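Student: model this:
(2 chains)
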Amino acid sequence: MAVYKKTYRPYEGELTPSWSRFLVIPRYAFEDLHGKRFLSIFFLASFIYPLVCALIIYVQHNASALNLLGVQQGARGLISINVTFFMSLLGWQSIMALFLASFIGPGLVSPDLSNNALSLYLARPFSRVEYVLGKMSVLAILMSLMTWVPGLLCFGLQGYLEGWQWMRDNARLASGIFFGAWVWILILSLLAMALSAWVKWKPAAGGMMFGVFFVASAFGAVINAVQRTRWGNVFNISHLVGVVWVRLFEGTNQTTNGAVFFRANQGEQVPLWTAWMGLAVLALLCLYMLARKIRGAEVVR
Amino acid sequence: MDPVIELDGLEVRFGQRTILKKLNAKLTGRSVGLLGPNGAGKSTLINTLLGFHKPSSGTARILGRDVRTQAREVRSLVGYMPENDAYISSMSGVHMVRLMGELAGLPREHALERAHEAFFYVGLGEVRYRNIGTYSLGMKQAAKLAQAIVHGPKLLFLDEPTNGLDPPARTRMIQLIQEIRDRGDLHILLSSHLLHDVEDCCDQVLILKDGNVAAFCNLEEERRANRRFLELETRGGNNGDFLQAVVKLGCETAPGVQGRIKLVMPDGLEVRQLYEIAAGQNVQIRRLNRKRDSLEDIFLKAMESADGRL
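Tutor: So this is what the prediction gives:
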């Protein structure tokens, strides 16, 4: 029917499957983000480190390239493609993901809350869980592209150049990259969403993303110093993630202490179960904060 | 006729406060008004029907679907125009309405087409590409109506649709609601504290007070009855003969003092015939009033508390 026909008519056509409707939200969000130049540049810039890593892997396996650079074959050991290499890659990319989450996260929920648009979403056959999933998937997709996707591509490149046996021997690295990145992605996404739901002013919500990490870790450090203990580290989210990463990458045979921002120094580490518990409590707290705010109608008791 | 909305002992509590108290009603009208003073529970009732609040006891059914157990199905049948501002300020009007259409299950291309149609229909065709944050209050109200109808619901919840509108915008909004009602494709539940809005748009009215059903009336029947009930004041001639002649026509009469007569006309009798009889009897009809038991009277009666005060 032509748009100029000003009449109401019921809809009798087919409907989309209900399971797929939460995907409408990321599609609209990406359309919106596409127009933001700074974000596009930042997103592209975040691939510089993985590209450098891929270049190092390539050069390491290319004799003529090494000769061209004037490096002897024995110099291959200068940069080892090992657990530290991949953990550092994931660490740097995860920091970039933190910046991305603090840029994008605050704009996800707060615009819907500030003008009561939530009631419009939830008055449709669309649940609160689907709303949260839809919004989270925006961050999850972008952060996946920044973290585990380039990590696994570099792992694949190294495996391709080094041989099948290397891949089999180091399969734990691939699972560490994948699951380690997802731990970080889920924590960041939930935190960004929860802060966005409670702090309506976007710059403040973005700032609070960093505040949660730095203030909490400073608080933990004060507890450690005053009480001469290591338990203050349970407030240090990056430490908790570091402990989990080390286990995911190396199992019980630990040779590293995490990477860049995610250091869990030997002797200062909290036990693994505490790290998982700490992250789970943080995730549950974020979910509680979301459950309080993501409602079709405000309840005044 | 199957009820559109059926309230079955519906009770809603927020903490210690009971907001809706065991409501029972069967609403069958094409357009039902929900009246009540502020705080009567109108918006809470709508929010409960949408599944935003869980009933603490009892239930409600919309077009046969239980709001407790079939909330998703219920929401696929309804369109909702909330009372307060509700929009995504950074989106253009048509973009937001399209998003809402897609969330309701319309495929992408249908959602886009219907979003444009809905905007033309509510009279915002020219501003549909502007960000909603820049709309005037009247435009925002119309945009809310557009998003409520974009997916072609079977039942439309309109919560205070004329809130904050100037007279021309209010008239336009009422006309739109009447048009939608008269097409007969969907039912309407209109919540308002403005009696005129409800009187103009609805054929049934549910009046709430303090979370209770204070009254339920069928405005259509009420209007029909009112049209047959007359109060006359006569002078001159023989009032008794005039009364007898009127009774012969099938009217029920109740003579009062000083030539006043109350009468109920049977179906088919026109006022013109009363004037003819009066002329034949040499009786002057000095005053002729239709009974004015308006919605306002019904509402005020419903609002009267036990001690007779409002």
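Student: residue in chain A nearest to chain B?
Tutor: Using CB to the nearest CB, residue A:11 is the residue of chain A that sits closest to chain B, at 3.1 Å. In short, each C-beta sits where N, CA and C put it, glycine included.
Student: where does that residue sit: helix, strand or coil?
Tutor: Look at residue A:11: counting by DSSP: H, G, I helix; E, B strand; the rest coil, its state is coil.
Student: my guess is it meets residue B:118, correct?
Tutor: No: assessed by CB atoms under 8 Å, residue A:11 is found out of contact with residue B:118, at 10.7 Å.
Student: so for those two, which residue has more residues nearby?
Tutor: residue B:118 (30 against 18; other CB atoms under 10 Å in any protein chain shown).
Student: so who does the more buried one touch?
Tutor: B:97, B:146, B:147, B:149, B:150 (CB atoms under 8 Å, 6 or more residues apart in numbering or on different chains).
Student: and it, what element?
Tutor: Applying DSSP states H and E as the criterion places residue B:118 in helix B:108-121.
Student: can you check residue A:247 too?
Tutor: Here residue A:247 sits within helix A:237-250, counting by DSSP H and E.
Student: can I get that helix in CSV, CA atoms only?
Tutor: Listed in CSV are the C-alpha atoms of helix A:237-250, where the atom choice follows Å, rounded to 0.1, in the frame of the first residue of the first chain:
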residue,chain,number,x,y,z
ILE,A,237,39.0,-7.2,39.1
SER,A,238,42.0,-7.4,36.7
HIS,A,239,43.9,-9.5,39.2
LEU,A,240,41.0,-11.9,39.5
VAL,A,241,40.8,-12.2,35.7
GLY,A,242,44.6,-12.6,35.6
VAL,A,243,44.4,-15.6,38.0
VAL,A,244,41.7,-17.2,35.8
TRP,A,245,43.7,-16.6,32.6
VAL,A,246,46.9,-18.1,34.0
ARG,A,247,44.9,-21.3,34.9
LEU,A,248,43.1,-21.3,31.5
PHE,A,249,46.4,-20.8,29.5
GLU,A,250,48.7,-23.1,31.6
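Student: partners of the next helix-or-strand element following that helix, with directions?
Tutor: Where DSSP H and E defines the elements, the next helix or strand beyond helix A:237-250 is strand A:258-259. If you go by DSSP bridges, strand A:258-259 pairs up with strand A:262-263 (antiparallel).
Student: could you give me the average pLDDT of the partner strand?
Tutor: Mean pLDDT, strand A:262-263: 82.
Student: let's see the helix or strand residue B:43 falls within as CSV, backbone CA atoms only.
Tutor: Per DSSP H and E, residue B:43 falls inside helix B:42-49. Provided in CSV are the C-alpha atoms of helix B:42-49 (Å, rounded to 0.1, in the frame of the first residue of the first chain):
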residue,chain,number,x,y,z
LYS,B,42,-5.9,3.0,36.0
SER,B,43,-2.3,2.9,34.9
THR,B,44,-1.5,0.0,37.3
LEU,B,45,-4.3,-2.0,35.7
ILE,B,46,-2.9,-1.3,32.2
ASN,B,47,0.6,-2.2,33.4
THR,B,48,-0.7,-5.4,34.9
LEU,B,49,-2.5,-6.3,31.7
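Student: how far does whatever helix or strand comes next after that helix sit from its chain's centre?
Tutor: Scanning forward in sequence from helix B:42-49 by DSSP H and E, the next helix or strand is strand B:57-62. Remark: strand B:57-62 is offset 21 Å from the chain centroid, using CA atoms, centre = their mean, to the nearest Å.
Student: beyond strand B:57-62, next helix or strand please.
Tutor: Next along from strand B:57-62, by DSSP H and E: strand B:65-66.
Student: now for that following strand, which elements pack on it?
Tutor: Packed against strand B:65-66 by the contact rule (3 or more CB pairs under 8 Å, 6 or more residues apart in numbering or on different chains; DSSP states H and E) you find helix B:71-77.
Student: give me the low-pLDDT residue ranges for chain B?
Tutor: Confidence mapping of chain B against pLDDT under 70 gives the ranges B:225-227, B:237, B:291-294, B:305-310.
Student: how about the residue of it found nearest chain A, what does it touch?
Tutor: Of all residues in chain B, residue B:152 sits closest to chain A, at 3.1 Å by CB to the nearest CB. Contacts for residue B:152 (CB under 8 Å, 6+ apart) come out as A:9, A:10, A:11, A:12, B:114, B:185, B:186.
Student: if we go to 10 Å?
Tutor: Neighbouring residues of residue B:152 by CB atoms under 10 Å, 6 or more residues apart in numbering or on different chains: A:8-13, B:79, B:101, B:104, B:106, B:110, B:114, B:118, B:185-186.
Student: returning to what we had before: would you list the contacts of residue B:118 in JSON lines and tack on distance to residue B:161?
Tutor: Output for the contacts of residue B:118, formatted as JSON lines (distance: CB to CB, whole Å):
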{"residue": "B:97", "distance to residue B:161": "16"}
{"residue": "B:146", "distance to residue B:161": "12"}
{"residue": "B:147", "distance to residue B:161": "13"}
{"residue": "B:149", "distance to residue B:161": "12"}
{"residue": "B:150", "distance to residue B:161": "16"}
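Student: among those, which are within reach of chain A?
Tutor: Filtering those for neighbours of chain A using CB under 10 Å from any CB of the partner chain leaves B:97, B:147, B:149, B:150.
Student: ok so, going back, can you tell me the SS state at the residue of chain B closest to chain A?
Tutor: Under the three-state scheme (three-state DSSP), residue B:152 adopts coil.
Student: give me the phi and psi angles of it.
Tutor: Reported as degrees, to the nearest 10, the phi and psi values for residue B:152 are phi 70, psi 60.
Student: could you point out which element follows the longest helix along chain A?
Tutor: Longest helix in chain A by number of residues (criterion: DSSP state H): helix A:171-198. Using DSSP H and E, the helix or strand that follows helix A:171-198 in sequence is helix A:202-227.
Student: what mean pLDDT does that following helix have?
Tutor: Mean pLDDT, helix A:202-227: 88.
Student: does chain B sit close to that helix?
Tutor: No: contact of helix A:202-227 with chain B (CB under 10 Å from any CB) is absent, the minimum separation being 11.2 Å.
Student: which other helices and strands contact that helix?
Tutor: Using 3 or more CB pairs under 10 Å, 6 or more residues apart in numbering or on different chains; DSSP states H and E, the elements in contact with helix A:202-227 are helix A:83-104, helix A:106-114, helix A:171-198, helix A:237-250.
Student: give me the nearest residue to residue A:88, chain neighbours excluded.
Tutor: residue A:259 (4.8 Å; CB to CB, 6 or more residues apart in numbering or on different chains).
Student: scratch that, residue A:188
Tutor: Closest to residue A:188 by CB to CB, 6+ apart is residue A:101, at 4.5 Å.
Student: list the contacts of that neighbour.
Tutor: A:108, A:139, A:142-143, A:184-185, A:187-189, A:191-193, A:195-196, A:206, A:209.
Student: kindly report the same for residue A:93.
Tutor: By CB under 10 Å, 6+ apart, residue A:93 lies in contact with A:46-47, A:49-50, A:53, A:143, A:145-151, A:177, A:181, A:184.
Student: now restrict those residues to buried residues only.
Tutor: The neighbour-count test (16 or more other CB atoms under 10 Å in any protein chain shown) marks A:46-47, A:49-50, A:53, A:143, A:145-151, A:177, A:181, A:184 as buried among those.
Student: for the helix or strand harbouring residue B:217, the distance to its chain's centre please.
Tutor: Element membership for residue B:217 (DSSP H and E) is strand B:212-218. Mean C-alpha position of strand B:212-218 versus that of the full chain (CA atoms, centre = their mean) differs by 12 Å.
Student: quick check: buried residues in the helix or strand following that strand?
Tutor: Scanning forward in sequence from strand B:212-218 by DSSP H and E, the next helix or strand is helix B:219-228. Buried residues in helix B:219-228, counted by 16+ other CB under 10 Å: B:219, B:222, B:228.
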